[in-house]
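> please find the sequence and the predicted model below.
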Amino acid sequence: MQTKSLTPLILGLLFSLQVNSQCINGTNSYPIYKMGAQLVEQFDTEGSEIVRIEYDLVFTSKETYRNLSPDWEYSIIGFADSGVKDLDVKVYEYDKLLDKWKLIAEDNSSEAYAIVTVRPTTDALYKVEVIVYEFKPGYTAARYGLMFVHD
């Protein structure tokens, strides 16, 4: 079982990256992919394993699903282009007894990136929600990247 947290590494890397894209009409893809490529390079250099990468457009929020194992502690990293002022990530576990998704982790920062660390209690399907809480003036859409990483 792995327990080393990737959060300090991720924070340092995200602070050092600059994404200068204009996504008012959702037309510029390269800047967000370039940022993702820099993250991939850093994770590979550090010996971390990326188990999922996703890119998409977001207007308010998006949901995605991933099977996670209790054998690992995952860092889930969301990042957005320059049209986003505040991006957050929330992770949910399905509660069969209550028949609904239960929030187990969330990022509450007010940055254009989000980091959540999760150690699943069971091998199951988890829901991850990417939320744009605030766009920069003049923006109504953005591109985001989402990575699931463990050591």
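Looks like it came in fine.

> tell me what Val116 is bridged to.
In this entry, Val116 is beta-bridged to Ile76, by DSSP bridges.

> same deal with Lys100?
Lys100 has the following beta-bridge partners by DSSP bridges: Asp95.

> show the pLDDT at it.
Note on Lys100: pLDDT of 97.

> in the protein, which helix has the most residues?
Longest helix of the chain, by residue count under DSSP state H: helix 30-46.

> who does that one touch, helix- and strand-wise?
If contacts are counted by 3 or more Cβ pairs under 8 Å, 6 or more residues apart in numbering; DSSP states H and E, helix 30-46 sits against helix 7-16, strand 49-58, strand 74-80, strand 142-150. Just so you know, the C-beta spots here come from the backbone N, C-alpha and C atoms, and that holds for glycine as well.

> from Phe135, how far off is the residue of the chain most remote from its centre?
Here the chain reaches farthest from its C-alpha mean at Leu97, the gap being 28.1 Å by Cα atoms, centre = their mean. Using Cβ to Cβ, to the nearest Å, one obtains 38 Å as the distance from Leu97 to Phe135.

> in which helix or strand does the nearest residue to Glu106 once chain neighbours are set aside reside?
The shortest distance from Glu106 to any residue that is not its chain neighbour, by Cβ to Cβ, 6 or more residues apart in numbering, is 4.4 Å, and that residue is Lys90. If you go by DSSP states H and E, Lys90 is part of strand 84-95.

> report the buried residues of that strand.
Along strand 84-95, these residues count as buried under the neighbour rule (16 or more other Cβ atoms under 10 Å): Val84, Lys85, Asp86, Leu87, Asp88, Val89, Lys90, Val91, Tyr92, Glu93.

> stretch 51-62 now?
Counting neighbours by 16+ other Cβ under 10 Å, the buried set in stretch 51-62 is Glu54, Val58, Lys62.

> residues in contact with the first one?
The one in question is Glu54. Residues touching Glu54, when contacts are defined by Cβ atoms under 8 Å, 6 or more residues apart in numbering, comprise Thr64, Gly145, Leu146, Met147.

> buried members of those into ChimeraX, please.
In ChimeraX, this line selects whichever of these come out buried by 16+ other Cβ under 10 Å:
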select :145,146,147
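
> and the contacts of Glu54, which is closest to Lys127?
Top of the list for closeness to Lys127, among the contacts of Glu54 and by Cβ to Cβ, is Thr64 at 7.6 Å.
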